[in-house]
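Chemist: Give the three-dimensional model of this entry:
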Amino acid sequence: MSLPIRWRIAIPYVLLILVSMLALGAFISGFIRQTYIADLESKLADQARMIGDIISPDLKSAGESPNLDAQAKHWADLLGTRVTIIAPDGTVWGESDEDRTRMANHSDRPEVINALRDGTGSTSRFSQTLGYPMLYTAVRISENLDVLGIVRIALPLQQIDANIANLQKIMLAATILVTILAIILAALIAARISRPVRDLTSTAWQLAYDKPENTPLPLGGDEIGQLTSVFNTMSARLSDEITELEAERATLLEVLQKMTDGVFIIDAQGDIQLVNPAAEKMFSISHQAVYKKPLIEVIRHHQLIQLWQNCRNTNEVQQEDFEISNRLSLHGIATSLSPVIPGSTLLFFQDLTRQKQIEAMRRDFISNVSHELRTPLAAIKALTETLQAGALEDPPAAQRFLMQMETEVDSLSLMVSELLELSRIESGRVPLKFAPTRPMEIVNQAQERLHLQAERAGLTLRVNCPDDLAEVMADGSRVQQVVVNLLHNAIKFTPTGGVVTVSAKPYDGYICFTVEDTGIGISKEDLPRIFERFYKVDRSRTSSGTGLGLAIARHLVEAHGGRIWAESDIGRGSAFHFTIPLA
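Modeler: The predicted model follows:
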């Protein structure tokens with residue numbers, strides 16, 4: 001609520017008088033104190049000179065360490081002060097109030113230094129020994145050009161402070177009285193000045209009520225009213241602009257937070273002013289740790305630093321690809337922010353790691369497919385040429401060659417079929433018929449399909465699956481295909497006399513299926529890649545199979561919302577695990 005105009009006139013007037021009186025009181029009390037202390041310093045200096053004149057003979061006849069305590073106490077009793085007699089080197093020769101043998105050298109005391117230099121020195125300070133402020137005045141005692149010593153007289157300032165306090169009380173009382181009178185006078189003057197304004201306001205309201213209701217009331221026309229109106233308009237516009245800027249800033253920050261590409265803003269001095277979460281993850285840093293830190297200290301990568309420096313020096317867009325710790329492949333772009341932000345640079349980093357991996361996988365896929373196709377095609381071509389060269393004339397040999405060609409064609413057909421199957425699974429074009437399925441049914445059917453193959457290989461095939469396991473939500477035939485693929489691999493790579501075990505058990509909201517063997521095992525280097533297409537542990541690729549079975553198994557398991565992994569040690573067998581969600 002705004003104050004009436006009479007108070008807006010009266011209050012500054014009263015405050016002016018109040019401040020003036022307080023300032024005047026402070027000045028007068030300070031002036032009186034300064035004058036009083038100056039007079040006291042002059043008096044103490046005269047007393048010190050008198051003492052010096054009297055004790056000069058004692059100072060001349062004294063030895064290297066005279067005892068002038070009696071002289072100091074005598075004059076202290078006469079003058080009612082503290083007297084200290086000091087040697088030119090600062091040693092205390094006589095002291096009236098303290099044990100001089102326990103007193104430190106006084107050569108560093110300001111009053112002593114000034115006395116030796118100018119003849120007289122004076123200072124005020126708090127005495128740690130006595131516990132209250134003291135005034136010290138020191139006078140140099142000389143004869144001809146020889147300094148005989150220094151006489152220092154100290155006097156407590158308590159009485160001076162008490163006198164000044166009394167004066168301040170009187171000034172305060174006078175200030176209160178004058179302030180009360182000023183308030184009364186200001187109220188009278190302000191009321192007299194504001195009376196015409198009140199009368200004009202009353203008349204204006206009377207005129208306003210006599211007019212029709214739809215006539216707008218006139219606004220106040222005084223300078224304060226006009227200024228308030230202009231200020232309110234400006235404040236409203238400024239508030240709208242600030243709201244818009246905050247919204248834009250929040251939008252920009254949200255965009256930076258959600259971006260998957262890394263962003264740095266570097267100022268003209270090379271310090272980091274902004275870094276988004278994606279960049280923090282890329283370079284393993286935190287915003288709090290690197291904010292306003294030099295980029296060169298935070299990111300120790302010469303290609304990145306060179307990218308920023310080239311952009312800063314040329315003010316042109318710079319681009320470069322590089323790797324971070326052999327784990328990330330980045331495409332860096334540096335852009336100058338001048339003239340909007342002079343000297344600053346925007347660094348933008350795109351993570352190309354996945355793209356590089358896909359390109360490498362594509363190259364490996366083409367190479368693997370080519371290699372896998374070359375062997376059966378070369379065999380078929382060789383058999384065909386042999387038949388054309390005359391083997392047809394030998395029916396038994398021709399029949400054997402035709403059977404070999406059929407085997408190679410079957411291998412090619414199987415490979416193409418599995419490739420098509422894998423492609424359909426990866427693209428999501430294989431319809432999965434989910435239904436509650438008993439794990440025992442999946443395991444038993446897979447075991448029945450391969451138990452003859454296990455017997456021919458001289459292996460023991462075991463099943464460890466409780467009949468009361470909870471049902472899984474799965475396409476039974478597809479999960480069975482996964483188990484069959486894993487069992488087929490286990491049988492193929494387990495020597496005669498070995499054991500292959502297929503089991504199932506609960507696993508944190510899933511059923512975990514496991515195919516374990518006592519075979520040759522898989523090396524630690526090969527384990528991370530065994531689920532890739534065409535990847536074979538046998539580097540020479542002499543083993544049978546297309547190298548697609550585990551890739552198909554992985555995609556089928558992931559399509560069910562589970563995961564697949566392997567554990568193995570060379571010479572101790574392998575264990576393949578995969579999970580399927582409960583129904």
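
Chemist: tell me the pLDDT at the spatially most central residue of the chain?
Modeler: With distances taken as Cα atoms, centre = their mean, residue 288 lies nearest the centre of the chain, 1.8 Å away. pLDDT, residue 288: 82.

Chemist: any idea how far residue 272 is from it?
Modeler: Remark: distance between residue 288 and residue 272 (Cβ to Cβ, to the nearest Å) = 11 Å. Any C-beta I mention is one placed from the backbone N, CA and C, and that applies to glycine too.

Chemist: same thing with residue 136?
Modeler: Counting by Cβ to Cβ, the gap from residue 136 to residue 272 is 57 Å.

Chemist: Residue 398 too?
Modeler: The value you get for residue 398 to residue 272, if Cβ to Cβ is used, is 78 Å.

Chemist: how about the strands in the stretch 451-583 of the chain?
Modeler: Assignment of strands within the stretch 451-583 of the chain using DSSP state E, counting those that start in this stretch yields the ranges 460-464, 472-474, 499-507, 510-517, 564-569, 573-581.

Chemist: Buried residues of the last one, list them for me.
Modeler: The neighbour-count criterion (16 or more other Cβ atoms under 10 Å) identifies 573-580 as the buried residues of strand 573-581.

Chemist: which secondary structure elements does it contact?
Modeler: If you count contacts as 3 or more Cβ pairs under 8 Å, 6 or more residues apart in numbering; DSSP states H and E, strand 573-581 packs onto strand 472-474, helix 476-492, strand 510-517, helix 549-559, strand 564-569.

Chemist: any chance of those in TSV, with distance to residue 167, mean pLDDT and mean neighbour count too?
Modeler: Listed next are the helices and strands packed on strand 573-581 as TSV, based on distance: least, Cβ to Cβ, whole Å; pLDDT from 0 to 100; neighbours: other Cβ atoms under 10 Å:
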stretch	distance to residue 167	mean pLDDT	mean neighbour count
strand 472-474	96	90	23
helix 476-492	102	87	21
strand 510-517	91	93	23
helix 549-559	93	83	21
strand 564-569	92	90	17
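
Chemist: Distance to residue 161 for these - can I get that in CSV?
Modeler: What follows is those, written out as CSV (distance: least, Cβ to Cβ, whole Å):
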stretch, distance to residue 161
strand 472-474, 92
helix 476-492, 97
strand 510-517, 87
helix 549-559, 89
strand 564-569, 87
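
Chemist: Looking at the ones you listed, which is nearest to residue 177?
Modeler: Of all the helices and strands packed on strand 573-581, strand 510-517 sits nearest to residue 177, with 91.1 Å by Cβ to Cβ.

Chemist: Can you check what angle separates that closest one from strand 460-464?
Modeler: 160 degrees (axes from the mean of the first three to the mean of the last three Cα atoms, to 10 degrees).

Chemist: Give me the angle between strand 510-517 and strand 499-507.
Modeler: Strand 510-517 and strand 499-507 are oriented at 170 degrees to each other (the same axes, to 10 degrees).

Chemist: Adjacent strands (with direction) for strand 510-517?
Modeler: Strand 510-517 pairs in its sheet with strand 499-507 (antiparallel), strand 573-581 (antiparallel), by DSSP bridges.

Chemist: of the ones you listed, which approaches residue 242 most closely?
Modeler: Residue 242 sits nearest to strand 573-581 of all the strands paired with strand 510-517, at 51.7 Å, using Cβ to Cβ.

Chemist: What lies in contact with the closest one?
Modeler: Residues outside strand 573-581 that contact it (Cβ atoms under 8 Å, 6 or more residues apart in numbering) are 472-474, 479, 482, 486, 489-490, 493-494, 498, 507, 509-522, 553, 557, 560-568.

Chemist: Tell me how far it lies from the chain's centre.
Modeler: Relative to its chain's centre, strand 573-581 lies at 41 Å (Cα atoms, centre = their mean, to the nearest Å).

Chemist: So for it, mean pLDDT?
Modeler: The average of the pLDDT scores along strand 573-581 is 92.

Chemist: Ok, stretch 120-130 next?
Modeler: Average pLDDT, stretch 120-130: 79.

Chemist: Now do the buried residues in it.
Modeler: For stretch 120-130, burial by neighbour count (16+ other Cβ under 10 Å) applies to 120-124.

Chemist: could you dump those residues to CSV with distance to residue 265?
Modeler: Below are those laid out as CSV (distance: Cβ to Cβ, whole Å):
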residue, distance to residue 265
120, 65
121, 61
122, 61
123, 57
124, 57
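
Chemist: And those, which is closest to residue 295?
Modeler: So of the buried residues of stretch 120-130, ranked by how close each gets to residue 295 (Cβ to Cβ), first place is residue 123, at 54.9 Å.

Chemist: separation between the closest one and residue 91?
Modeler: From residue 123 over to residue 91 the distance is 20 Å, taken as Cβ to Cβ.

Chemist: Residue 17 too?
Modeler: Distance, residue 17 to residue 91, by Cβ to Cβ: 57 Å.

Chemist: And residue 172, by the same measure?
Modeler: Counting by Cβ to Cβ, the separation of residue 172 from residue 91 is 48 Å.

Chemist: Looking at these two, which has the bigger crowd around it?
Modeler: Counted by other Cβ atoms under 10 Å, residue 172 and residue 91 do not tie: residue 91 has more neighbours, with 18 against 13.

Chemist: what about the stretch 301-450 of the chain, any weak spots by pLDDT?
Modeler: Low-confidence segments of the stretch 301-450 of the chain (pLDDT under 70): 360-375, 407, 410-411, 413-430.
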